[in-house]
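From the sequence below, what's the structure:
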Amino acid sequence: MGSPSPALEAFGLSKRFGSVVALESVDLRVEPGSVRGLIGPNGAGKTTLLRLLLRLVSPDAGRMEFFGRQPALAAGLDGVAGYVEEPRFYPYLSARRTLELLATLDREDADRRVDALLDRVGLDEKAAGRRVGGFSTGMRQRLGLAAALLASPRLLLLDEPTTGLDPTGAREMRDILRGLADDGVSVLLSSHDMAAVADVCDAVTFLSSGRVVWDGSMERLQSEAPAGEFRLETSDDARALSLSESQPGVTARTDEQRGLLVAAGRDALDRLVLALAAERIAVRRLTEVTSSVEAMYLALTGGSTK
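So this is what the prediction gives:
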């Protein structure tokens, strides 16, 4: 028995809007039960790519396959769900009523899953009864995910699902997505949230000016990315700075705020911490400032993650 087909495979997708090249020869693959991050600056083509995959617009060139098949033009995307940009709903309906109405368009058992889905995305009984027009951006994101899950999709296409969520909510969203992948659902996640990408994704595709500029597994990214940066506070920062100069793969400087800023890969950072301990210099705080994902992003795009 052969290996299962990819949940999504795109070949040479291209799209122009007048003289503007939005996408050019984009290849993309999402494996079953995996989360692939789609990263790039504003205008890189991420939203256009999601629109193509959801068949909201047609490509000028290229083709796409879902679960090993190329969908017919007149057919729906069976097993695929998601949203582009911010989810939008009728403002005068409650969250529960919104899902109940959407359930009539989906699977026969969808209406029986409404309460469970509201609970899964973190919308409690009180929130479920409120009109969506009074929802915050983060609450609409939660409802958007619940709506996408109504049809029990095997592939989710999500555009910035952590936008508008506070740190706790963003963490909960990441946990939900990771749990879905563990249950066998494939996810393509467009995001500027580097923490979400680092925590959740199995693979990453970087877009810039409509082209794929890097594509690979998180393991490969960790090995190829420039060194991340960490803030280090010790019991003797002056000695720690001096000691770091003798450590291979470590670059350190004094931070204007407090402590030291240390650029190092994981192995080099481990060696530095052990060397500090051997010299009886206590590490009081070590926090990540720039992750490997963010470092790779900046190296590939030369811009800001915002």
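
Going by C-alpha atoms from here, please, whenever you check contacts or count neighbours.
Fine.

quick one, domains of the chain?
Structural domains assigned to the chain are 8-223, 227-301, following automatic domain parsing.

taking these together, which one is wrapped up most tightly?
domain 8-223 (a mean of 19; mean count of other CA atoms under 10 Å).

biggest helix in this protein, by residue count?
helix 167-182 (DSSP state H).

Can you name every helix or strand that the next helix or strand after it contacts?
Downstream of helix 167-182, the first helix or strand assigned by DSSP states H and E is strand 186-190. Judged by 3 or more CA pairs under 8 Å, 6 or more residues apart in numbering; DSSP states H and E, strand 186-190 is in contact with strand 20-30, strand 35-39, strand 155-159, helix 167-182.

how about the residue lying closest to Leu93 once chain neighbours are set aside, phi and psi?
In space, and not counting its chain neighbours, Leu93 is closest to Arg131: 5.1 Å by CA to CA, 6 or more residues apart in numbering. Dihedral pair for Arg131: phi -70, psi 140, per degrees, to the nearest 10.

start at 252 instead
Taking 252 as the first residue, the last one we looked at is Arg382.

my read: Arg382 touches Tyr343, true?
Yes. Between Arg382 and Tyr343 there is a contact under CA atoms under 8 Å: 5.5 Å.

quick one on the thing from earlier: okay if I get the domains of the chain as TSV plus mean pLDDT?
As requested, the domains of the chain are exported to TSV (pLDDT from 0 to 100):
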stretch	mean pLDDT
domain 259-474	90
domain 478-552	91
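
Parallel or antiparallel, list what pairs with the helix or strand harbouring Thr502.
Under the criterion of DSSP H and E, Thr502 resides in strand 501-505. Paired strands of strand 501-505, with direction, are strand 511-515 (antiparallel) (DSSP bridges).

ok, Ala295 - contacts?
By CA atoms under 8 Å, 6 or more residues apart in numbering, the contact set of Ala295 is Ala273, Leu458, Ser459, Ser460, Gly461, Arg462.

now with 7 Å?
Neighbour list for Ala295: Leu458, Ser459, Ser460, Gly461 [criterion: CA atoms under 7 Å, 6 or more residues apart in numbering].

coming back round to it: now do the contacts for the residue nearest to Leu344.
Pro342, Tyr343, Leu344, Ser345, Ala346 are the contacts of Arg382 under CA under 7 Å, 6+ apart.

Next, work out how far apart the last one and Val286 are.
This means Ala346. Relative to Val286, Ala346 is positioned 27 Å away (CA to CA, to the nearest Å).

In three-state terms, label Arg509 for me.
State at Arg509, reduced to three classes by DSSP: H, G, I helix; E, B strand; the rest coil: coil.

Name the nearest residue to it, ignoring sequence neighbours.
Excluding the flanking residues, the one nearest Arg509 by CA to CA, 6+ apart is Glu484, at 7.3 Å.

beta partners of the one you found?
For Glu484, the beta-bridge partners are Arg536 (DSSP bridges).

hang on, it packs against Leu511?
Yes. At 6.4 Å, Glu484 counts as touching Leu511 under the criterion of CA atoms under 7 Å.

three-state assignment of Pro257?
coil.

For it, report the pLDDT, please.
Per-residue confidence (pLDDT) for Pro257: 93.
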